[in-house]
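Asks: Return atomic coordinates for the entry below.
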Amino acid sequence: TVREVRWDGDPRDVEALAAAGHDAVWVGDIGDNREVRDSVSITRVDLTGGEQDASYDLDYPDGAHDAEALVTHPLTGQVSVITKGAFAGSVMQAPLELSQAEANTLTEVGRTPGIVTDAEFLPGGGAIEFVPLGLFNRFDLAPADGSNCGEYRIVFGMQSRTPSIAGRALIIFEGALPNP
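Replies: Numbering: from 1, shown residues only. You can find the predicted model right below:
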């Protein structure tokens, strides 16, 4: 851990962080596994402590969605929420100028494959995304006392929509969940 940053707020399901300039991040309270929230929020958190945090409500134009990815365009700073679904998701773009006084309506500007859990723009504006490839359970690593079922491993693979990016990248998350 390099630094711990706290902000005022009462988030419901924080799923993502995205760059918000050189010394700030967007904290995306955008998760909604049950898809009951017609509105989500993002908060700009200053990492230096010099500015007050600013929160913005984002409304989906067509009802509730679940999302786990938040990106900012490297040239314009415009924020987009990427929703997820079993077969496809959407890139929902926020207005370029955000308002704290009223909700900001998101606009669908593109579709994505299935369950996108993270994404990032390249410096020139191209994008890459990581999608889940598999979920594995290592039962052989379960303790004899049955306190958990071993290690879960989720493997994500990079998908690029930019032809100049070749090669593969994988991210593997591991964890053990306690039995109830």
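Asks: quick one: low-confidence parts of this structure?
Replies: Applying pLDDT under 70 to the chain flags the ranges 1-3, 5, 114, 126-132, 156, 158-180.
Asks: Just list the residues touching the residue nearest to the spatial centre of it, thanks.
Replies: The centroid of the chain falls nearest to residue 69 when counting by C-alpha atoms, centre = their mean (2.5 Å). By C-beta atoms under 8 Å, 6 or more residues apart in numbering, residue 69 lies in contact with 15-16, 81-82, 84, 116-119, 129. Backbone N, C-alpha and C define where each C-beta goes, glycine included.
Asks: let's see 10 Å
Replies: 15-16, 18, 28, 30, 80-84, 89, 91, 112, 116-120, 129-130 (C-beta atoms under 10 Å, 6 or more residues apart in numbering).
Asks: These in helices, which ones?
Replies: Counting by DSSP state H, none of the members of the contacts of residue 69 fall within helices.
Asks: I figured residue 58 hits residue 32, correct?
Replies: No. The criterion here is C-beta atoms under 10 Å, and residue 58 misses it with residue 32 at 11.8 Å.
Asks: And the strands in this protein?
Replies: 16-19, 24-29, 39-46, 54-59, 66-72, 79-84, 88-93, 104-105, 107-113, 118-121, 127-138, 148-160, 170-178 (DSSP state E).
Asks: Please identify which of those strands is closest to residue 10.
Replies: strand 24-29 (9.0 Å; C-beta to C-beta).
Asks: show me what contacts residue 99?
Replies: 56-57.
Asks: Distance check, it against residue 107.
Replies: To residue 107, residue 99 is 15 Å away according to C-beta to C-beta, to the nearest Å.
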